[in-house]
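Student: Next input, structure requested:
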Amino acid sequence: MTVNLSAQDETTIRTAAWGTVTLLSFAGIAGSAHKVGTEASLALNAATGAVGHVLAEQAGGVKIKGKSAAAIADQVLPALTASVKLLGEQDEAEAENFRTTITVAVEAANRAHKGEPSPTMAEMSRKITEALHA
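Tutor: Numbering: from 1, shown residues only. The predicted model follows:
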């Protein structure tokens with residue numbers, strides 16, 4: 001099935017995905033926010049399907065504003081839920097592709113540190129996962 005996304009839909013998906021990287025970087029600040037962000041970004045760049053095409057396009061319309069994790073989460077977590085919903089309305093397989101893409105980015109970010117993720121990373125990962133399945 002072909003997925004037809006409006007410009008606003010694509011912005012929502014990009015906000016959700018790249019905002020996830022930002023949230024994970026905030027959560028990983030105690031170790032290396034740079035490593036966390038790099039690992040998560042590389043995972044997003046490896047996305048395939050309609051989601052991969054959307055994420056590969058220039059993200060000029062994405063403006064994630066906020067100086068705190070809370071302010072960014074207020075934008076990103078609802079965008080994650082909305083992205084799954086709008087993709088699922090057209091093609092459930094593509095909605096699952098989006099969930100998997102974000103999950104891989106979260107897992108990659110969590111591997112940026114040696115050993116288990118910090119409690120902060122674990123909690124942010126939980127919130128992201130919860131938003132994907134809301």
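Student: What lies in contact with stretch 124-134?
Tutor: 20, 23-24, 26-27, 69, 73, 76-78, 80-81, 84, 98-99, 102-103, 106, 109-110, 117 (Cβ atoms under 8 Å, 6 or more residues apart in numbering). Yep, even glycine has a C-beta here, placed from its N, CA and C like the rest.
Student: Revised request: answer the last question for stretch 57-75.
Tutor: Contacts of stretch 57-75 (Cβ under 8 Å, 6+ apart): 7, 10-11, 14-15, 18-19, 22-23, 26-27, 76, 124, 127.
Student: just stretch 84-98 next, same as before
Tutor: Contacts with stretch 84-98, where a contact means Cβ under 8 Å, 6+ apart, come from 1-5, 9, 12-13, 47-51, 83, 99, 132-134.
Student: how about a cut-off of 6 Å?
Tutor: Here stretch 84-98 makes contact (Cβ atoms under 6 Å, 6 or more residues apart in numbering) with M1, V3, D9, G49, A50, V51, S83, L132.
Student: ok now that stretch, how far from the chain's centre?
Tutor: Chain-centre distance of stretch 84-98: 14 Å, with Cα atoms, centre = their mean, to the nearest Å.
Student: still on that earlier bit, list buried residues within the contacts of stretch 124-134.
Tutor: 20, 23-24, 26-27, 69, 73, 76-77, 80-81, 84, 98-99, 102, 106, 109-110, 117 (16 or more other Cβ atoms under 10 Å).
Student: low pLDDT regions in this protein?
Tutor: Under the criterion pLDDT under 70, the flagged ranges of the chain are 1, 30-31, 59-61.
Student: ok, 80 please
Tutor: Low-confidence segments of the chain, defined by pLDDT under 80: 1-2, 28-34, 58-62, 112-116.
Student: Which strand or helix spans the most centrally placed residue in it?
Tutor: The centroid of the chain falls nearest to A17 when counting by Cα atoms, centre = their mean (2.9 Å). Per DSSP states H and E, A17 falls inside helix 7-27.
Student: Before I go, just wanted to say thanks for your time.
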